[in-house]
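Student: sharing a model that was predicted from the sequence below.
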Amino acid sequence: MVSQLQLSPVQDVDTLLALAGQVQALADSEKESLGFLPETAIREAISRRRVIAMLANAGAENEFAGYLLYSGVFPHAKVQQIAVVHKYRGLGFAGALMRTFLSELEVRGFMTVRADVAADLPSALAFYARSKFEIVRERSGGKARGRTILVHMRELETDTLFSISNRIPPTGFELGLRRRSAGQSPLFALDLNIFLDLVRNRQHSDQARRLFGAALAHDIRVAVSDEFVRELRRNSTDVNNDPLLQMALSMPRLPTAEVDNQAQLQEKVHDLVFVRRGLRSSGTAQALSDARHLAHAAIARATAFVTRDAALLDSRDELIRNFGIDVISLNEIIDLLPVDEIASAAVAVAGAGFQAQVSSRDEAEKYLRENNVATATKSFLDSVSETNVIWKIAQDQRIVALGWLSLKRSIMPSGKLLVHTRPEHQSSAFFSDYLLDFLVREACKGGPITLELEQLPGQSMVHSIARGQGFTKGPASRLIKIAVGKPLAEQNWTASTKELQRRTGFTLPANFPTNADAIVAGYDQDSAGLLRPDELENLLSPTIIVWPGRAGVIVPITKRYADELLGTNRQQRLSFIESMDASFLTKRAYINSPKAAKLMRPDMPIIFYESKRDRQGIGAVVAVARIVDAVISKKHEISGEDKRRLVVENIADFSASEDILLTTFDNLIQLPKPVPVKRLRELESVGRANLVSPVELPSEKIAQILAEGW
């Protein structure tokens, strides 16, 4: 019988929901070892993709054989329950479930797995030992049974940050620095109308001059097609004495294309842009000329074709999808041009016993030498640009952690990151978390950007935390991510996705998705994959993506707490005044009454309304974040780690009962334009209690508020 059995892991939500009754029955039969778990909790875990079931196939029949239920916050998972139907025990089914689970976590980039096992369960202890878990500590169990609980941990061999479930293609989803242009600097092919804007006094002449100025400054490369010159010749009255033609002849040209290839591509471009769209200009000399321009630019692997022609601009998405050539307007390319260097607006801040402040390059390099990583960082130091943000954490005048951001000036900007902490320091994880988040936010202030993080020897803590902040495996010994730095919703989707694609090469659907269960994203059709919303949000963080149907909640907060928890203080804080730990963490916590528990759900956007209470607040929405979890806890049972995420000194002041609702959030974004309560009333977003208590809002309201504030 054993040799005929085939095991099939099941993770599909619908299939698991159909098996929920059998999962419940098995769980109930093992209450002594597993504890009690109500059916609602099992169904919720299934809906959140936290359950793996195993089916045994003997011939034509599939039979439920066992399950594993887990929890956790990325990148740390916890096994809550694992059980196998009695008839299949001793056949390796539990091991198969565990291997499936661990493999899934490693693909998704989780770093550790935890399991709490009672000391009086020898079979369970032996199983976890075989599964290469190690006992890291023991603790007391519940008062009713008086058990001793042994906490087991296993570190995972993680190669990538996140899982691409149902990925396309099956060979994997690779994130790396990519350009369509064959050279290092972006190459833009110019339409004739852009050239005429430059040489004649026309409405768009100032913008054309800025474009050519960027080319002279080597921020971009510009070139013209063979058709560009032919078109000027056709329209010239005296080709031998035409100054415009002579100027055009001196401009850089796109590489010569093979005649037959260009002719075939020209025909396809003309068909897509003019024929299929039923344009009257189809088949005209001008339409055929435009198609020749685009075909040559595509073959030359130009980054984009710059034009003011409406027909070409309207066909942008189809041209990218079919031929890999972008079409961009003069206004759009001007918006993408790099600006002159802007000094960081960040100011020194003090924490409990430490200072975070700017560092000179000399003292930063000295710190790296002291910590024996000068050789490992040589390639980074040799390649850093003139635009640097170097930030240090100091205690008693001694640097204990260092973060370095080097920004490359380009129309497709990129940044290199280096973060190092003294491994022996008890707050190394805390400092790593702060420095990574701080530098990522500094990097994306000017728009979406691709970032590379150096992986330094002995800095596994930094790498682990970086993966939790959206970094994934990149080229050589680096981790890589894209940072957007602003909310995304239907109102700004088209403009934002164009900007994202042009600045990083990363492509999202041109139209706002109506079904956000999975989103096709990638650098091209060959590397595109299906990402779940949470995967995409992590990759592009900091950002909040307001998908259709993604409800959220708006909560009140007084100015006193908002200033520190949300970083929205509109007056510069004196550098010697110590901030609480929460203001340095990427995951922070908000507390209120347990009555709001039904409104605060994981993955929901949470909008913070700074109330006018005590006549100090501005009465406006000031920030948005993403809920990680919401847990009802006894006031006296809140852990030290949870307290660290709060800016509340006396928890007893919150909630009339002994319980409080602790809501952890991440992806915090301050709104540059606070949305006043008057406008919130117009949007019907204040609730019956006028924002005295939390109010649940549909995705449409969330999107409207964020559009007003950005």
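Tutor: Happy to help now that I have it. Residues are numbered from 1 along each chain as shown.
Student: CA only for contacts and neighbour counts going forward, please
Tutor: Will do.
Student: show me how the chain divides into domains.
Tutor: As given by automatic domain parsing, the domain ranges for the chain are 2-155, 187-336, 359-483, 552-709.
Student: may I see those organised as JSON lines, with mean pLDDT added?
Tutor: Converted to JSON lines, these look like this (pLDDT from 0 to 100):
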{"stretch": "domain 2-155", "mean pLDDT": "85"}
{"stretch": "domain 187-336", "mean pLDDT": "90"}
{"stretch": "domain 359-483", "mean pLDDT": "87"}
{"stretch": "domain 552-709", "mean pLDDT": "89"}
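Student: right, and these - which one's nearest residue 494?
Tutor: domain 187-336 (10.7 Å; CA to CA).
Student: hang on, residue 556 in a strand?
Tutor: Yes - residue state for residue 556 (DSSP: H, G, I helix; E, B strand; the rest coil) corresponds to a strand.
Student: for it, give me its contacts.
Tutor: Applying CA atoms under 8 Å, 6 or more residues apart in numbering to residue 556 gives the contacts 608, 609, 610, 611, 691, 692, 693, 694.
Student: the fourth one and residue 558 touch, don't they?
Tutor: Yes - between residue 611 and residue 558 there is a contact at 5.4 Å, judged by CA atoms under 8 Å.
Student: show residues contacting stretch 275-289.
Tutor: With contact meaning CA under 8 Å, 6+ apart, stretch 275-289 is reached by 227, 231, 266, 270, 274.
Student: the domains of the chain: which one's closest to residue 492?
Tutor: Taking the domains of the chain one by one with CA to CA, domain 552-709 is closest: 7.6 Å.
Student: distance from the closest one to the middle of the chain?
Tutor: Average the C-alpha atoms of domain 552-709, do the same for its chain, and the two points are 22 Å apart (CA atoms, centre = their mean, to the nearest Å).
Student: what is the end-to-end distance of it?
Tutor: Criterion CA to CA, to the nearest Å; first-to-last residue distance in domain 552-709 is 16 Å.
Student: please apply the same query to stretch 592-599.
Tutor: 12 Å.
Student: and residue 264, which of the three is it?
Tutor: helix.
Student: and the contacts of residue 556, which is closest to residue 79?
Tutor: residue 694 (32.5 Å).
Student: what about the closest residue to the closest one other than its chain neighbours, distance to residue 684?
Tutor: Nearest residue to residue 694, sequence neighbours excluded (CA to CA, 6 or more residues apart in numbering): residue 555, at 4.4 Å. To residue 684, residue 555 is 15 Å away according to CA to CA.
Student: which one of the two has more residues nearby?
Tutor: Taking neighbours as other CA atoms under 10 Å, residue 555 and residue 684 compare with residue 555 leading, 23 against 12.
Student: contacts only, for residue 559.
Tutor: Neighbour list for residue 559: 610, 611, 612, 616, 617, 618 [criterion: CA under 8 Å, 6+ apart].
Student: same thing with residue 245?
Tutor: By CA under 8 Å, 6+ apart, the contact set of residue 245 is 229, 232, 233, 236, 239.
Student: which of the three states applies to it?
Tutor: helix.
Student: and for residue 72?
Tutor: Under three-state DSSP, residue 72 comes out as strand.
Student: for it, list the residues it contacts.
Tutor: Taking CA under 8 Å, 6+ apart, one finds residue 78 in contact with residue 72.
Student: now do residue 352
Tutor: Residue 352 sits next to 578, 579, 580, 581 when contact means CA under 8 Å, 6+ apart.
Student: try residue 356
Tutor: Applying CA under 8 Å, 6+ apart, the residues near residue 356 are 348, 349, 350, 391, 392, 393, 394.
Student: farthest-apart pair in the contacts of residue 559, please.
Tutor: Counting by CA to CA, the most remote pair of the contacts of residue 559 is 610 and 616, 9.3 Å apart.
Student: re the thing from before, more neighbours: residue 611 and residue 558, which one.
Tutor: Legend: neighbour count by other CA under 10 Å for residue 611 and residue 558, higher for residue 611 (23 against 19).
Student: spit out the contact partners of that one.
Tutor: The contact partners of residue 611, taken as CA under 8 Å, 6+ apart, are 556, 557, 558, 559, 617, 618, 619, 620.
Student: hmm, back to that, so which of the contacts of residue 559 comes closest to residue 700?
Tutor: residue 610 (21.2 Å).
Student: quick check: bridge partners of that closest one?
Tutor: Residues in a beta bridge with residue 610, per DSSP bridges, are residue 557, residue 620.
Student: how many other residues sit next to it?
Tutor: By the measure other CA under 10 Å, the count of residues near residue 610 is 29.
Student: ok, it - contacts?
Tutor: 556, 557, 558, 559, 562, 617, 618, 619, 620, 621, 622.
Student: tabulate those residues (JSON lines), appending distance to residue 441.
Tutor: Shown next, in JSON lines, are those (distance: CA to CA, whole Å):
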{"residue": "556", "distance to residue 441": "25"}
{"residue": "557", "distance to residue 441": "24"}
{"residue": "558", "distance to residue 441": "25"}
{"residue": "559", "distance to residue 441": "23"}
{"residue": "562", "distance to residue 441": "19"}
{"residue": "617", "distance to residue 441": "26"}
{"residue": "618", "distance to residue 441": "25"}
{"residue": "619", "distance to residue 441": "26"}
{"residue": "620", "distance to residue 441": "23"}
{"residue": "621", "distance to residue 441": "21"}
{"residue": "622", "distance to residue 441": "17"}
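Student: closest to residue 501 among those residues?
Tutor: Nearest member of the contacts of residue 610 to residue 501, counting by CA to CA, is residue 622, at 28.5 Å.
Student: and what about the residue lying closest to that closest one once chain neighbours are set aside, helix, strand or coil?
Tutor: Excluding the flanking residues, the one nearest residue 622 by CA to CA, 6+ apart is residue 674, at 4.9 Å. Taking three-state DSSP as the rule, one finds residue 674 in the strand state.
Student: how many neighbours does residue 494 have?
Tutor: Residue 494: 17 neighbours (other CA under 10 Å).
Student: if you could redo that for residue 10, that was the one I meant.
Tutor: When neighbours are counted by other CA under 10 Å, residue 10 registers 17.
Student: mind listing what it touches?
Tutor: By CA under 8 Å, 6+ apart, the neighbours of residue 10 are 16, 52, 53, 54, 55.
Student: now residue 348: phi and psi?
Tutor: In terms of degrees, to the nearest 10, the main-chain angles of residue 348 are phi -60, psi 140.
Student: that one contacts residue 359, doesn't it?
Tutor: No - with contact defined as CA under 8 Å, residue 348 does not reach residue 359; the gap is 10.4 Å.
Student: show me where the stretch 201-350 of the chain has helices.
Tutor: 205-216, 226-234, 243-249, 259-270, 285-299, 310-314, 316-323, 330-336 (DSSP state H, counting those that start in this stretch).
Student: ok, the stretch 601-710 of the chain next?
Tutor: In the stretch 601-710 of the chain, the segments counted as helices under DSSP H, counting those that start in this stretch are 640-644, 677-682, 699-709.
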